[in-house]
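Participant: from the sequence below, what's the structure:
(one chain, ligands or ions: 1)
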Amino acid sequence: AQPGSASPLPAKLRDITWGKLNFLHTTDTHGWLAGHLQEPSYSADWGDYISFAARMREIAESRDSDLLVIDTGDRVEGNGLYDASDPKGKYLYDILKQQHIDLLSSGNHELYKKNTSEAEYLITVPSFADSYIASNIDILDPNSGELVPLGPRFRKLTTKKKGYRIMAFGFLFDFTGNYNNTKVQRVEDTVKETWFQQAIRDEDVDLFIVLGHVPVRSIEYEAVHKEIRNVRGNITIQFFGGHFHIRDYARYDAQSSALASGRFMETVGFLSIDDVKSSTPNFSRRYIDNNLFSYYHHTGLNKSTFPTEHGQNVSQMIQEARHALDLDYVHGCAPTDFWVDRTPYPGNNSIYTWLETEVLPQSLQNPSRQGKPALAIVNTGAIRFDIFKGPFTQDSTFIVSPFTSGFKYIKDVPLSTAKRIVTLLNGASKILTTTNEQPHGRYCPLAPPQQCARQASDGVESTTRNPIMPQQHAQAVISDSDVEPFPGYTTIDDAGDDGDDTVHSHISFYQVPNVIQTLIPPLDHSSSGEPTTVDLVYLDFIEPYIALAAKFSGFPVNLPADSALYMDGTMTELIQTWIKKNWKCT
Ligand SMILES: O=c1ccn([C@@H]2O[C@H](COP(=O)(O)O)[C@@H](O)[C@H]2O)c(=O)[nH]1
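Facilitator: Below is the predicted model of the structure:
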């Protein structure tokens, strides 16, 4: 763990159940390779995870079984370790590649920007060689200018101990918000391609592994499952997914299951399969809180026996990178906690209410529009994490707001139209899900991803939405420690409510809208009332949605032609500047 990080708290733990084939799974790590320095439950760093994976592999092999390490993408954007450097990722890619990952795939965040996808192609793919799978992504090779697969379409491998013959695929959900140097083919179309049809007919295979940056309850995985199942009868299929930032486990049928392992290095997913080659394989899942207390427990080791030299060296690399980036530099001190969705919105501790009532109205300005009122719209998904009471650092800046979006505007929009656009974006008439125009894809592209889970599975057929059969619960063994549970994940999935390794007390999460809005200057109730027209100010990331909502409102606007830059700088800079000025540390 990083120096100064919060030590893990002793807790009651559920044991893992080893099988003949075992997996560790991360997803949506978003640059959090230093772990959560302020949160004891998630304070282990990538170096600790490297030690953990090595120790778990030793245990697996001593049991004459195998362990594979999986990552399903969105490794970038969301933490100072990635976003604070120039170029972005200057330190992260080297740290990331230190882990031995057997199978990995790309997320949507690797593809939003040209430079990010090129770094993926030129750095990460070669770093992991054969392990990187890109079943439905192509990229324009920056050297040849040709459209080429981002990585191999599939991989066949044989496990070291048991000799299981595996066919693995690596998908990205039907993402459409990628920069035009990459091409993402719909999963439903990819599975009809000749190479895929041939691969699933390969008889020299004991099981299929489908990894991907794909929600485990999704139309995409439904399509892959159906295709393999139709051709291969009851062969074992294990899916690993992500994107929604949630812990989840789905049973599609008796021979297949799907694991999603959270976000931001909070969770290391563990999955085991016994009786891999039979028609009644036994699956067991565990969501491991990413901290040393859990790591020691599951390996049966301790502070002196657990770390590997390699793991310790990587923790040192992270420390040096954080130092070089000055990530602990304090910009101000938050007077209280501000939450993304752990408190009702609107509310005094809602990060969105703080933005609407303080940061945006006090910061958004355009001298050429002096005296003109504005209605500013920000998508809630642009804010990625909570602010904790106390020091707000360089790292916090990017943890809260990693993206590079700035503010644009359309001038002189009738206020009634601007309000209608907000209402439409917030889903009153479901334009974002019913229209064929989906600028970034079907998964509620404006709100924080964890809010999408229930909404998205509404359109999915029953095989991936509901448990076909309740999972046989492996007996959860609780260690005999006598400590009171403290707040954390209390996951309910298709196998029940005993998936989390740590027995926590429940945390409530609340719904937030797709977008928040703020009238600038705020309405003065003593004066003549609302303005008739406003400058409609918005984050440039949501421009395609503003265009869509304007069209549905009957407002004639041609974007981007009819828009202009409202002010210089990004929202990240705007928030940081406001904090420097207003949150003095006393
Ligand atoms: O430039 C950007 C990119 C993304 N967003 C928001 O992020 C979520 C998607 O996050 P995942 O981690 O891929 O689930 C999307 O819904 C956008 O709201 C953004 O605001 N700006």
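Participant: what about the residue of the chain found nearest the ligand, which SS state?
Facilitator: The nearest approach of the chain to the ligand comes at G381, 2.0 Å away (C-beta to the nearest ligand atom). (Each C-beta comes from the backbone N, C-alpha and C, glycine too.) Put simply, G381 is helix when judged by DSSP: H, G, I helix; E, B strand; the rest coil.
Participant: go on, I237?
Facilitator: Of the three states, I237 takes strand according to three-state DSSP.
Participant: so what's it closest to, chain neighbours aside?
Facilitator: S256 (4.1 Å; C-beta to C-beta, 6 or more residues apart in numbering).
Participant: try P346
Facilitator: T353 (4.4 Å).
Participant: can you classify that neighbour as helix, strand or coil?
Facilitator: In three-state terms, and counting by three-state DSSP, T353 is helix.
Participant: and it, what pLDDT?
Facilitator: As predicted, T353 sits at a pLDDT of 98.
Participant: and it, what does it touch?
Facilitator: By C-beta atoms under 8 Å, 6 or more residues apart in numbering, T353 lies in contact with Y345, P346, G347.
Participant: most neighbours, which of the residues you listed?
Facilitator: Neighbour counts for the contacts of T353 (other C-beta atoms under 10 Å) peak at Y345, which has 19 neighbours.
Participant: so that one makes contact with V512?
Facilitator: Yes: using C-beta atoms under 8 Å, Y345 makes contact with V512 at a distance of 4.8 Å.
Participant: overlap in contacts of the two?
Facilitator: Counting by C-beta under 8 Å, 6+ apart, the contacts common to Y345 and V512 are Y352.
Participant: which stretches of the protein have low pLDDT?
Facilitator: Within the chain, the segments meeting pLDDT under 70 span 428-436, 454-481, 525-526, 528.
Participant: so which residues on it come close to the ligand?
Facilitator: Taking C-beta under 6 Å from any ligand atom, the part of the chain that reaches the ligand is made up of 28, 74, 108-109, 112, 243, 379, 381-382, 403, 405, 445-446, 449, 541.
Participant: pull out the buried members of those.
Facilitator: Taking 16 or more other C-beta atoms under 10 Å as the criterion, what is buried in the residues of the chain next to the ligand is 28, 74, 108-109, 112, 243, 379, 381-382, 403, 405, 445-446, 449, 541.
Participant: between these, which is nearest H225?
Facilitator: H225 lies nearest to H243 out of those, by C-beta to C-beta, at 16.8 Å.
Participant: so that closest one, which of the three states?
Facilitator: Following three-state DSSP, H243 is assigned to coil.
Participant: that one and Y545, how far apart?
Facilitator: 19 Å (C-beta to C-beta, to the nearest Å).
Participant: repeat that for L565.
Facilitator: 18 Å.
Participant: ok, these two, which is more surrounded?
Facilitator: Between L565 and Y545, counted using other C-beta under 10 Å, the more crowded position is Y545 (25 against 12).
Participant: packing partners for the helix or strand hosting the more buried one?
Facilitator: Secondary structure from DSSP states H and E places Y545 in helix 543-552. In terms of contacts (3 or more C-beta pairs under 8 Å, 6 or more residues apart in numbering; DSSP states H and E), helix 543-552 is packed against strand 406-414, helix 415-425, helix 431-434.
Participant: let's have those in JSON lines, adding mean neighbour count and distance to V537.
Facilitator: What follows is those, written out as JSON lines (neighbours: other C-beta atoms under 10 Å; distance: least, C-beta to C-beta, whole Å):
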{"stretch": "strand 406-414", "mean neighbour count": "20", "distance to V537": "4"}
{"stretch": "helix 415-425", "mean neighbour count": "20", "distance to V537": "10"}
{"stretch": "helix 431-434", "mean neighbour count": "15", "distance to V537": "20"}
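Participant: which one of those lies closest to L559?
Facilitator: Nearest to L559, of all these, is strand 406-414, at 7.6 Å by C-beta to C-beta.
Participant: relative to the closest one, what are the paired strands and their orientations?
Facilitator: Paired neighbours of strand 406-414 in the sheet (DSSP bridges): strand 533-539 (antiparallel), strand 564-570 (antiparallel).
Participant: what does the first one contact?
Facilitator: Just to be clear, that refers to strand 533-539. 364, 366, 369, 372-379, 382, 405-415, 418, 421, 519-520, 546, 566, 571.
Participant: please redo it, this time with the cut-off set to 7 Å
Facilitator: Strand 533-539 is contacted by residues 364, 369, 372-379, 382, 405, 407-415, 418, 546, 566, 571 when judged by C-beta atoms under 7 Å, 6 or more residues apart in numbering.
Participant: so what's V205 closest to, chain neighbours aside?
Facilitator: M167 (4.6 Å).
Participant: so who does the one you found touch?
Facilitator: If a contact means C-beta under 7 Å, 6+ apart, then M167 has F154, K156, A199, D202, V205, F208 as its contacts.
Participant: in the residues you listed, which residue is surrounded by the most others?
Facilitator: Counting neighbours by other C-beta under 10 Å, F208 comes out on top of these with 24 neighbours.
Participant: quick one: secondary structure of it?
Facilitator: strand.
Participant: quick check: bridge partners of it?
Facilitator: Bridge pairing for F208 - DSSP bridges - gives M167, I237.
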